[in-house]
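In: after the sequence you'll find the predicted model.
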Amino acid sequence: MKRRQFVGSVGASSMLGAFGTLGMLSGCATSGGGNGPKVVVVGGGFGGATAAKYVRMWSDHGIDVTLVEPNASFISCPISNLVLGGSKTMADITSSYDNLVSKHGVKLVRDMVTSIDAEKRLVKLAGGGELAYDRLILSPGIDFMWEALPGMATPAAKDKVLHAWKAGAQTVALRKQLEAMPDGGVYALAIPLAPYRCPPGPYERACQVANYFSKAKPKSKVLILDANDDVTSKAGLFKKAWADRYAGIVEYRPKHVATDVDAATNTLKFEFHDDVKANVLNVLPPMRAGEIAVKSGLATANKRWCEVDFLTFESKAAKNVHVLGDSIQIAQAMPKSGHMANQHAKVCAAAVVSLLSGKEVNNLPIYNNTCYSFVSDEDAVHVASVHAWDAKLKTMMPVAGSGGISKAANELEGRVAMGWARGIWADVLG
Ligand SMILES: Cc1cc2nc3c(=O)[nH]c(=O)nc-3n(C[C@H](O)[C@H](O)[C@H](O)COP(=O)(O)OP(=O)(O)OC[C@H]3O[C@@H](n4cnc5c(N)ncnc54)[C@H](O)[C@@H]3O)c2cc1C
C-alpha cells in the first residue's frame, strides 16, 4: 500500500505532515548497530509484521527495526479453515518473510522474547541475547486459558484434542484426524465465550468440515457446541448455510459452556448439559493475550487483555511499549481479526514514527474491517465495519451507518475473499 492509500485507509488527514525526516534523538538505544532510533517488534503475525514494515517505510528507513519471531515463515489463519475443508493446502497459506528483510531492511531475529524490562528498555531472548529499544511494539496474538479445562493440562491431551486456532502443525494434524474419521462419525467443535480470536472463524470451520463430509463421508455429523447464547457473527448467514447446504450434517447447540475435557475418551463436559463424546474433538479453549504480554504485566483488563491508548497503541501499563492485534482489550464492536491487527499496526507505526521524530501524533484515526467467511469451497459471505476515534469517549467507536453484511453467500464474494487474502498478505509482507 502506498502512503497516499494509507492516509485514505486510516483517515489520517494530518499524517503526511507528521513525517518529515526524523528529528535528532537523544538518549536512544544503541545496541544492534547504527545510531538511529530503535524499534523492536515482537511477533511476526498480522500485526507485528505490518508494524515492522510500515515503521521502516514511513521513517524513510531512518528507524532501525528488529522483528523477533520464532517461526521460519508466516502461516495465515485466514483461509486455514479451507485447508481443513480440503480445498486449499498449507502451501497456499504460507508466505516468506524475505521481503521484509530484503526490500524493507527489517532485521529478522528467529527467536522468542522471554522477558521485557520496560525501565531499561530491553528485551531478553530465549536464545540468550538481548535487544535494546526506544519503542517496543508487541503483537504476540493469543494464548489459551488451559486452566479452564483441567483435563487438557498434559502434553498428551494437547496432542490429541486439537485447537488448530494458530495455523500451522495443528492445522495439518486436524485435517489428518478428519481424514481418518470413519463415515458416520461425529466431529465436535467447542467454541468459548466471546471475546476470542476471529468471531466468525469457528462457524466458517463448521461449514468447511461439513462441506468435506458432504462429499467424502456423508453419514458424518458436525456438532457445534457453543458457549455463547447464539452464533456471534453473521448468524443468519451461517444458519442458512447449515439449513440449506448441510441439512442433516450440522447441528448447532448454543449455551454449552465446556468445563472440562477427557482427552482419553474424546469427551467434553459442560456446566449444565450432558457429556458429549466425539470421534474428532476440536476444542477452542477460552483465550487471552499472548503469554509474553500477560507475564510482563501488560494484560491489565482481567489479567486477560492489554489496555492501550488507541491513538498510539501505547500500553496503559508501560511507557514506550505498544501492544496491538488480538492481545488488546478491544473497543466496542472491534473484532479480533487479521484485518483489524493490520489496521492497528498502521496507526501504531505512524504514531511511533511521529513520537520518535518529535512530531504530533495523528488525533483522528479511522479504520475499517472486513471479515470474509467461506461457507463452501467457493461461496463466501462478509461483514464490514468502520471505526473512528471518539475524542469525548477517548476510544474507537463504530461509525454510525457504516459497514454492512452480505445478503447471501455467493461465488463472487468467494473470489473477492481470496483477493482480500492475497491483498492483505502482500500488504503485511510484500
Ligand atoms: C481459523 C481462523 C480463521 C481466521 N480467519 C480470519 C479472516 O478471514 N480474516 C481476518 O481478518 N482474520 C481472521 N482470523 C484472525 C486472525 O488470524 C488474527 O486476528 C490475527 O492473526 C491477529 O494478528 P496478531 O498479530 O495479533 O497475532 P498473530 O497473527 O497470531 O501473530 C502473533 C505472532 O507472534 C509470535 N509470538 C508470540 N509470542 C512471541 C514471543 N514471546 N516472542 C516472539 N514472537 C512471539 C507468534 O509466533 C506469531 O507469529 C482467523 C483466525 C483463525 C484461527
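Out: Arrived safely.
In: just the strands in the stretch 1-150 of the chain please.
Out: Counting by DSSP state E, counting those that start in this stretch, the segments of the stretch 1-150 of the chain that form strands are 38-42, 64-68, 74-75, 94-95, 107-109, 113-117, 122-125, 130-132, 135-138, 142-144.
In: let me know the pLDDT of the residue in the stretch 101-250 of the chain that the ligand sits nearest to.
Out: As assessed by CB to the nearest ligand atom, the ligand sits closest to G141 within the stretch 101-250 of the chain, at 2.8 Å. (Glycine included, C-beta is placed from N, CA and C.) If you check G141, the pLDDT there is 98.
In: contacts only, for it.
Out: By CB atoms under 8 Å, 6 or more residues apart in numbering, the contact set of G141 is 43, 45, 47, 166, 197, 290, 325-327.
In: which SSE is immediately downstream of the host helix or strand of L223?
Out: L223 belongs to strand 221-226 when assigned by DSSP states H and E. The first helix or strand that comes after strand 221-226 along the chain, using DSSP H and E, is helix 235-244.
In: could you list the buried residues of that next one?
Out: Across helix 235-244, burial judged by 16 or more other CB atoms under 10 Å covers 237-238, 241-242.
In: stretch 247-255 now?
Out: So for stretch 247-255, counting by 16+ other CB under 10 Å, buried means 249-250, 252.
In: go ahead and confirm V231 touches A241.
Out: No. Contact criterion CB atoms under 8 Å: V231 and A241 do not qualify, at 10.8 Å.
In: backbone dihedrals for E291, please?
Out: phi -50, psi -40 (degrees, to the nearest 10).
In: let me see the confidence value for it.
Out: E291 is given a pLDDT of 98.
In: what sits against it?
Out: E291 neighbours (CB under 8 Å, 6+ apart): 140, 143.
In: what's the distance between it and the ligand?
Out: 6 Å (CB to the nearest ligand atom, to the nearest Å).
In: over to A301?
Out: Between A301 and the ligand the distance is 16 Å, computed by CB to the nearest ligand atom.
In: that residue: what's it in contact with?
Out: Here A301 is in contact with 307, 329 (CB under 8 Å, 6+ apart).
In: give me the phi and psi for it.
Out: Given degrees, to the nearest 10, the pair of backbone angles that A301 has is phi -90, psi 100.
In: tell me what it is bridged to.
Out: W305 (DSSP bridges).
In: surely L429 and N99 touch.
Out: Yes. Counting by CB under 8 Å, N99 is a contact partner of L429 at 5.8 Å.
In: between the two, who's got more neighbours?
Out: Per other CB atoms under 10 Å, whichever of L429 and N99 has more neighbours is L429, with 23 against 16.
In: leaving out sequence neighbours, find the closest residue to the more buried one.
Out: The shortest distance from L429 to any non-neighbouring residue, by CB to CB, 6 or more residues apart in numbering, is to S95 (5.2 Å).
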